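Undergrad: Structure of the sequence below:
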Amino acid sequence: MKNGPGKVFRYENLLLIVISIGVFMDGLDGAIVNVSLPQIAQDFGAEIEFVSLVVTAYLIFLSGLMITFGKIASYKGAKKIYITGIGLFTVSSLLCALSTGIEMLILFRSLQGVGAAMIAPTAIGIVAKEVPEERRGKSLGILVAASSFAFALGPVAGGFLTEYLSWHWIFLINIPIGIAATALSLKYIPKSEIIPDENHKKTGTFDYTGSLLFLISVAILITTLGMAGDAGPLSPSVITSLAVCAALFYLFIRREKSVPDPVLDISIFRIPAFSSSTATYMLIMGAFGGAVLILPFYFQYIKSWSPAMAGLALLIPSVMITIFGPLGGMAADRFGTGTVCVISGILATAGFFVTSFYSVNATLIFIAATLLLLGLGCGPLMSAGASGIISSAPAEKKEIASGIMSTSVYLGTAIGTAAFTAIFSLFTRTASSSMNPGADAFLDGFFSCFIAGTLFCLTATLLAFAQKKESSA
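TA: Residues are numbered from 1 along each chain as shown. Predicted structure coming up:
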């Protein structure tokens, strides 16, 4: 199948197309639901606090189980786990569409999150194993582009589907995509080569306790960050919950250091390049996730744009990521991830800083230019950061590294989203209405959020610079 340059080229491109379909479906569903929540709440007669669990439950299982399935893939084979995840995601999408109550929808969204957690780390693991290192950055950049484009397309597609059909179609749209992804995966993804793990051979057991501790820690973290906006970041309930989360995470680390075959090999974080790349990646995903959350409110509340128009505006940075993500990966293959991360990090920092000065009278040209700059900076930084995580991991730990990288995407996005929400709430708390605080209060909160995003990107840039300097020493 891979005999000769021509066949290798065709094989790698077919593989990337197949994997990109799964990654696109995964990313699309992470963003398409939010815009439909008001209609779902109305149809089921549910309170906003309860219907928000439709999103929260998905993120909890997605973020909390990625490293688990990254580990399982090393035992069972990435192809098997990937295709199972596609199937589970597709079936649960149908069940979500057929739900007759909010409790049923939350249950099936949780199941969908489990399927998504099987797709993301194994998709990256397959590419990491099948594509040579000299072209890995470009390939990972394509996956980042597919995911980012799906993430931005989600609100637009969700708005149109809900308005002109019904909210059920935001789930039904996954079914033909999932069927196509399953069929193509069975044909074009090679059977995984399973390298027996000596520790697993000795114990013959899976680290269920470690997996459960991590899942519970993530659940508490995301739930607590979600309520921090209303309760206040320094409220006793938030502080107590975060303390419990920290204690459980500490127990998780202690366990992973002591068991013979941990679900997460903590020793991988002793590699400076790996730790630095992971932190850089989480920071940029947090900044971008927070920006995508806040920008639509500015477009609709301050500029009085329609939801469709706001969604289309978000396509600008995502199209830039779609274009420059792969180019950034190619540049990382040629010049090194550190160089690309530093240059794109500077651009991303500048983009967030300039965007913080949006006003009531901001022109369309100024808004478009800043959105272009955000995408130009974030795209290469995402793909180069992803390449840095995978490349810095030893060959026998590529699948675990891919699980950590995928977890970083959604944990970073969740943390950034929660941070921006809390900051915005803090700076608009004195306004007469938290739903629409007025232009002055809104812009104070908006400015503070994007200054925080600037600091996220600046920290990521400094980490990349420090790692680049250490590598060249």
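Undergrad: Assign T205 to helix, strand or coil.
TA: coil (DSSP: H, G, I helix; E, B strand; the rest coil).
Undergrad: Hmm, D261 and it touching each other?
TA: Yes - counting by C-beta atoms under 8 Å, D261 is a contact partner of T205 at 7.3 Å. In short, each C-beta sits where N, CA and C put it, glycine included.
Undergrad: ok, those two, which is more surrounded?
TA: For T205 versus D261, the count of surrounding residues by other C-beta atoms under 10 Å is larger for D261: 19 against 10.
Undergrad: Now the more buried one: which helix or strand?
TA: Secondary structure assignment for D261, by DSSP states H and E: no helix or strand.
Undergrad: now swap in A369 and tell me
TA: helix 364-392.
Undergrad: for that helix, what is the average pLDDT?
TA: Mean per-residue pLDDT for helix 364-392: 86.
Undergrad: can you tell me which residues contact L107?
TA: Listed by C-beta atoms under 8 Å, 6 or more residues apart in numbering, L107 has no contact partners.
Undergrad: what about the helix or strand containing it, average pLDDT?
TA: L107 belongs to helix 102-130 when assigned by DSSP H and E. For helix 102-130, mean pLDDT is 84.
Undergrad: the inter-axis angle of that helix versus helix 364-392?
TA: Inter-element angle recorded for helix 102-130 and helix 364-392: 60 degrees (by axes from the mean of the first three to the mean of the last three C-alpha atoms, to 10 degrees).
Undergrad: Now the element after helix 102-130, going C-ward?
TA: helix 136-164.
Undergrad: residues in contact with the residue nearest to L111 when sequence neighbours are not counted?
TA: Once flanking residues are discounted, L111 sits nearest to S92: 4.2 Å by C-beta to C-beta, 6 or more residues apart in numbering. By C-beta under 8 Å, 6+ apart, the contact set of S92 is F108, R109, L111, Q112, V114, G115.
Undergrad: The helix holding L107 vs helix 136-164, what angle?
TA: 160 degrees.
Undergrad: hang on, the earlier thing: and the contacts of S92, which is closest to G87?
TA: Ranked by distance to G87 (C-beta to C-beta), these are led by G115 at 7.7 Å.
Undergrad: what's the helix or strand for V360?
TA: Here V360 is assigned to no helix or strand, by DSSP H and E.
Undergrad: likewise G70?
TA: helix 53-76.
Undergrad: Can you give the domain ranges for the protein?
TA: 1-134+147-190, 203-260, 269-473 (automatic domain parsing).
Undergrad: Look up how far A369 lies from the closest residue to V54 other than its chain neighbours.
TA: Residue nearest to V54 in three dimensions, not counting chain neighbours: R109, with 5.3 Å by C-beta to C-beta, 6+ apart. To A369, R109 is 37 Å away according to C-beta to C-beta, to the nearest Å.
Undergrad: Comparing the two, which residue is more hemmed in?
TA: R109 (26 against 15).
Undergrad: these two touch, right, that one and A57?
TA: Yes - at 5.1 Å, R109 counts as touching A57 under the criterion of C-beta under 8 Å.
Undergrad: quick one on the thing from earlier: next, format the contacts of S92 as a markdown table and append distance to A460.
TA: Below are the contacts of S92 laid out as a markdown table (distance: C-beta to C-beta, whole Å):
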| residue | distance to A460 |
| --- | --- |
| F108 | 36 |
| R109 | 31 |
| L111 | 34 |
| Q112 | 30 |
| V114 | 30 |
| G115 | 30 |
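Undergrad: So which of the residues you listed is the closest to A78?
TA: G115 (15.1 Å).
Undergrad: Please look at the closest one and G85 and confirm they touch.
TA: Yes - assessed by C-beta under 8 Å, G115 is found in contact with G85 at 4.9 Å.
Undergrad: hmm, back to that, flag every buried residue along the helix holding G70.
TA: Residues of helix 53-76 classed as buried by neighbour count (16 or more other C-beta atoms under 10 Å): 53-74.
Undergrad: for this structure, which helix is longest?
TA: In the chain, taking DSSP state H as the definition, the longest helix is helix 439-472.
Undergrad: Check which residues of that one are buried.
TA: For helix 439-472, by 16+ other C-beta under 10 Å, it's 441-450, 452-454, 456-461, 463-465, 467-468.
Undergrad: On the three-state scheme, the closest residue to A368 other than its chain neighbours is what?
TA: In space, and not counting its chain neighbours, A368 is closest to I316: 6.3 Å by C-beta to C-beta, 6+ apart. What three-state DSSP gives for I316 is helix.
Undergrad: so who does I316 touch?
TA: So I316 contacts A368, L371, L372, G375 (C-beta under 8 Å, 6+ apart).
Undergrad: Please tell me how far it sits from G379.
TA: Counting by C-beta to C-beta, the gap from I316 to G379 is 12 Å.
Undergrad: doesn't I81 make contact with A73?
TA: Yes - if you go by C-beta under 8 Å, A73 and I81 touch, sitting 4.6 Å apart.
Undergrad: Give me the contacts around stretch 410-422.
TA: 30, 59, 62-63, 66, 120, 218, 222, 225-226, 228-229, 233, 281-291, 293-294, 449, 452-453, 456.
Undergrad: What part of the chain, helix or strand, is modelled with the least confidence?
TA: helix 198-203 (a mean of 51; mean pLDDT, DSSP states H and E).
Undergrad: if we can go back for a sec, which residues touch the residue nearest to V54?
TA: Contacts of R109 by C-beta under 8 Å, 6+ apart are V33, V54, V55, A57, Y58, S92, C96.
Undergrad: Quick check: the third one vs V91, distance?
TA: Pointing back at V55 there. Taken as C-beta to C-beta, the span from V55 to V91 is 20 Å.
Undergrad: Repeat that for the fourth one.
TA: A57 sits 17 Å away from V91 when distances are taken as C-beta to C-beta.
Undergrad: for the fifth one, same thing?
TA: Applying C-beta to C-beta, one obtains 15 Å for the distance of Y58 from V91.
Undergrad: Please apply the same query to the first one.
TA: The span separating V33 from V91 equals 17 Å under the rule C-beta to C-beta.
Undergrad: which one of the two has more residues nearby?
TA: Using other C-beta under 10 Å as the criterion, V33 and V91 rank with V33 on top: 24 against 17.
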